[in-house]
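Engineer: fold the following and give me the result.
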Amino acid sequence: MIKVLFVCLGNICRSPLAEGIFAAKIKALGLEKIVKTDSAGTSDYHIGELPDERTLACANKNGIIIQHRGRQVHRHDFKEFTYIIAMDHHNKRNLESRKLTSSEPDKEIHLMRNFSRTGLDLPVPDPYYGGEEDFDEVYRILDEAMEGFLSHLLTKHSLIS
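Structural biologist: Numbering: from 1, shown residues only. Prediction:
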């Protein structure tokens with residue numbers, strides 16, 4: 001079983017959208033029984049809340065279903081997940097500092113756009129204080145980066161022959 005965790009700050013905008021996009025792509029490939037996904041935040045701002053209504057509207061507009069409640073990253077996530085993918089450098093640093101106290105201090109934390117052809121080492125911008133167009137742009141960025149991540153996953157784990 002391959003498990004992928006997407007992480008942003010509050011777990012109501014970028015990471016649940018990334019989780020939804022990834023889940024749809026995995027389902028389209030028929031891999032949902034061997035690849036699982038979740039999302040979390042580095043903060044405790046929105047634990048138990050539904051994703052931002054603009055995230056849900058953007059997902060719905062693109063045929064993506066999101067069924068998630070906000071949660072915070074836990075120490076056991078470093079052991080449970082094969083891949084932990086941060087949306088930006090700030091959250092990547094927060095994850096790096098947390099993994100030092102986990103039982104998996106060597107776990108590699110990835111930056112989402114490092115799987116993209118065009119956004120290497122760039123953050124996925126936080127659309128929280130923006131409008132609908134900002135959520136649409138985040139969707140486009142995530143969808144492109146997800147294609148690269150999926151290609152990496154399929155090749156590295158020989159999921160499709």
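
Engineer: could you use CA atoms for every contact and neighbour count after this?
Structural biologist: Noted.

Engineer: please save the CA atoms from stretch 15-34 in PDB.
Structural biologist: Coordinates of each C-alpha in stretch 15-34 appear next as PDB, following Å, rounded to 0.1, in the frame of the first residue of the first chain:
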ATOM      1  CA  SER A  15      -4.100  20.300   0.700                       C
ATOM      2  CA  PRO A  16      -7.700  19.000   0.500                       C
ATOM      3  CA  LEU A  17      -7.900  20.200  -3.100                       C
ATOM      4  CA  ALA A  18      -4.600  18.300  -3.800                       C
ATOM      5  CA  GLU A  19      -6.000  15.200  -2.100                       C
ATOM      6  CA  GLY A  20      -9.200  15.400  -4.200                       C
ATOM      7  CA  ILE A  21      -7.300  15.800  -7.500                       C
ATOM      8  CA  PHE A  22      -5.000  13.000  -6.700                       C
ATOM      9  CA  ALA A  23      -7.800  10.700  -5.600                       C
ATOM     10  CA  ALA A  24      -9.600  11.300  -8.900                       C
ATOM     11  CA  LYS A  25      -6.500  10.500 -10.900                       C
ATOM     12  CA  ILE A  26      -5.800   7.400  -8.900                       C
ATOM     13  CA  LYS A  27      -9.400   6.200  -9.300                       C
ATOM     14  CA  ALA A  28      -9.300   6.900 -13.100                       C
ATOM     15  CA  LEU A  29      -6.300   4.600 -13.300                       C
ATOM     16  CA  GLY A  30      -8.000   1.900 -11.200                       C
ATOM     17  CA  LEU A  31      -5.400   2.100  -8.400                       C
ATOM     18  CA  GLU A  32      -7.500   3.200  -5.500                       C
ATOM     19  CA  LYS A  33      -7.000  -0.200  -3.800                       C
ATOM     20  CA  ILE A  34      -3.300   0.200  -3.600                       C
END
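
Engineer: neighbouring contacts of that stretch?
Structural biologist: Under the criterion CA atoms under 8 Å, 6 or more residues apart in numbering, residues 1-2, 5-8, 35-41, 51, 55, 59, 64-66, 68, 87, 139, 142-143, 146 lie in contact with stretch 15-34.

Engineer: now do the buried residues in that stretch.
Structural biologist: 15-26, 32 (16 or more other CA atoms under 10 Å).

Engineer: same thing with stretch 152-161?
Structural biologist: residue 153.
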